[in-house]
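Colleague: Let me see the structure of the following:
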Amino acid sequence: MATLSITPTSQISSDNDAVTCQISIAAPRERVFQALTDPEQAIQWWGQYDSYHLSDFKLDARVGGKWSASGSSQKMGAISIEGEILELDPPRRLSYTWLSNWLPKHTKVVWELETQNSGTLVKLTHTGFAGNAQHAQAHSEGWTPVLSWLQAYVEKGETVVSRK
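Modeller: Got it, this is the predicted structure:
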């Protein structure tokens, strides 16, 4: 399969309510969706030791199901995120609520996977920042490496451990 790899792009809406990031991944969307929703895989790729990494990831893959993740951050110490699955349409769409210990406010994350050439265009939209430019900017900066880590894992098998 030809490489589609590009650097993730990220935009913040003019009202500072939404962050949108996207990347092309040289793999079928079924494979990308599996990496997003399989807890055993998510814990392997989501993070980097000199930034943050997850030690636990749970996902009840059904609408109304709960999900959670926890780990450690170089800057913040212990991190935790939880939410509820709002939409699950494999391998096209996944959305869930997002409540983290560093932003104690309910927001929403939507993953959209679209077949593109010989791979997948992954678009992530995180909404609910209610005009807070600082929170929107921080999440824009946070999601960019997440998409790169997902791409590296799906395309090359790179994990948190191998990217030390």
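Colleague: which stretches of the protein have low pLDDT?
Modeller: 1-5, 164 (pLDDT under 70).
Colleague: Report the buried residues of the longest helix anywhere in it.
Modeller: If you go by DSSP state H, the chain has its longest helix at helix 133-156. Residues of helix 133-156 classed as buried: 135-136, 139-140, 142-155 (neighbour count, 16 or more other CB atoms under 10 Å). In this view, the C-beta of every residue, glycine as well, is placed from N, C-alpha and C.
Colleague: Show me what that helix is in contact with.
Modeller: When contacts are defined by CB atoms under 8 Å, 6 or more residues apart in numbering, helix 133-156 is touched by residues 3, 5, 7-8, 10-13, 16-19, 21-23, 25-27, 31-32, 35-36, 41, 44-48, 51, 103, 122, 124, 126, 129, 158-160, 163.
Colleague: got it, and stretch 95-102?
Modeller: The contact list for stretch 95-102 (CB under 8 Å, 6+ apart) reads 67, 76, 78-87, 105-111, 126, 128.
Colleague: if we go to 6 Å?
Modeller: For stretch 95-102, the external contacting residues (CB atoms under 6 Å, 6 or more residues apart in numbering) are 67, 76, 80-87, 106-110.
Colleague: Off-centre distance for it?
Modeller: Centroid separation for stretch 95-102 versus its chain: 11 Å, with CA atoms, centre = their mean, to the nearest Å.
Colleague: what's the answer for stretch 83-91, then?
Modeller: Worked out by CA atoms, centre = their mean, stretch 83-91 lies 13 Å from the chain centre.
Colleague: What count of nearby residues applies to Ala45?
Modeller: Not Ala; residue 45 is Trp. Trp45: 24 surrounding residues under other CB atoms under 10 Å.
Colleague: Apart from its chain neighbours, what residue comes closest to it?
Modeller: The shortest distance from Trp45 to any non-neighbouring residue, by CB to CB, 6 or more residues apart in numbering, is to Tyr153 (3.4 Å).
Colleague: Restrict the contacts of stretch 95-102 to the buried ones and give me that as a ChimeraX selection.
Modeller: Burial among the contacts of stretch 95-102 is assessed by 16+ other CB under 10 Å; the matching ChimeraX selection reads:
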select :67,81,82,83,84,85,86,107,108,109,110
